[in-house]
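Would you be able to build a 3D model of this:
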Amino acid sequence: MPPDQGSTPAGPAHGMPEAQQTRAMPSVSESGGNQDDRDRGAARHSGPPPQSPAAPQKKRAGRDLRAAIGVGLGLGAVIIASLFIEKAVFVAVIAAAVVVGLWELSSRLSEKKYIRVPLVPLAVGGAAMVVAGYLRGAEGASVAMALTALATLVWRMAEPPEDYLRDVTAGVFAAFYVPFLASFVALMLAADDGAWRVLTFLLLTVVSDTGAYAIGWRFGRHKLAPRISPGKTREGLLGAVGFAMAAGALCMEYLIDGGSWWEGLLLGLAVAVSATLGDLGESMIKRDLGIKDMGNLLPGHGGIMDRLDSLLPTAPVVWLLLVVFVGSG
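Have a look, this model is predicted:
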């Protein structure tokens, strides 16, 4: 930072060679020299004033925790209310989340990679997948997925052929990644005890993420995948596994009819693994795009896709294990 005007510099001037060559010798007083020269010399020999050692820095989260907690509680209240008041309302919530997620993903692909994903057929087909999964099961969701992929190929034909293959490939990927995986939540909901199955799925995923964050923040030392997500640690993964297995045992014992605690342990382990892989998968996408968040709709969380990253790949895992353990309902 340059010195204030009118102040005397503490050392020799820089960038002024002529001034140094023509400067007159200072007069020497009886006391042994010019006082300003003595002060400058003392400053040069003594060096900068000693600084107190820096206080140890406390670990800080990368987001606004107050906003994150407030938004999380608000979303949780809306989800729980819609889940237990009327199943159809929760189906609408899933469909809305899918459409917003597709919009975020297609927007980032367009901005960062110039990939033109056909959003209209994806949004319509994505909502149809969720509804078909709830009404017609896995077969209905699969047929809707196939029709959405076909509609994506046809819709893109209205634009110039350059990069056609790239755009439709990204469109089919988006259709599978967001609405098709989300349709398994609707499949869980369709069971007689569907609300409790979905609640178990949500609780285990949230508990897994919380365990990974809490243990990783406090004890994390060894990186899990530094090239993909530097913040994740092996200790955090162990925390996710421990928290999710404990929660799984409780949920299967007390929330799911016909379930047992040992099945909950296996379910919790599977959720911790799938949620972590889902988180890493979206981190890989965001690193490729060169962004931190998929959106900014949720203060403290980023976008909708930043909250769905661990939920989407976990949904088919939980649906399948619950079918194996207690039947389709």
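
what comes up buried for the strand ranked longest in the chain?
In the chain, with assignment by DSSP state E, the single longest strand is strand 229-233. Neighbour counts over strand 229-233 (16 or more other C-beta atoms under 10 Å) mark Ser229, Gly231, Lys232, Thr233 as buried. For the C-beta atoms, the positions are set from N, CA and C on the backbone; glycine is no exception.

for the last one, which residues make a bridge with it?
Spelled out, it's Thr233. According to DSSP bridges, the residues that bridge with Thr233 are Lys223.

My understanding was that it contacts Pro226; is that so?
No: using C-beta atoms under 8 Å, Thr233 is not in contact with Pro226, being 9.6 Å away.

Walking through this structure, point out its helices one by one.
In the chain, the helices defined using DSSP state H lie at 17-22, 35-46, 65-85, 87-113, 119-156, 164-175, 181-189, 194-219, 234-254, 261-289, 304-308, 311-326.

Arg166: what's it in contact with?
Ile115 (C-beta atoms under 8 Å, 6 or more residues apart in numbering).

Give me the distance between it and Val124.
According to C-beta to C-beta, to the nearest Å, Arg166 and Val124 sit 22 Å apart.

repeat for Thr148
With C-beta to C-beta as the criterion, Thr148 and Val124 are 8 Å apart.

ok, these two, which is more surrounded?
Thr148 (25 against 14; other C-beta atoms under 10 Å).

Can you report how many residues lie near the residue nearest to the more buried one when sequence neighbours are not counted?
Among residues not flanking Thr148 along the chain, Gly125 sits closest, at 2.8 Å (C-beta to C-beta, 6 or more residues apart in numbering). Counted with other C-beta under 10 Å, the neighbours of Gly125 add up to 26.

and what of Met129?
Number of residues near Met129 (other C-beta under 10 Å) recorded here: 30.

The spatially closest residue to Leu321 that is not a sequence neighbour: how many residues sit nearby?
Residue nearest to Leu321 in three dimensions, not counting chain neighbours: Leu267, with 5.3 Å by C-beta to C-beta, 6+ apart. By the criterion of other C-beta under 10 Å, Leu267 has 28 neighbours.
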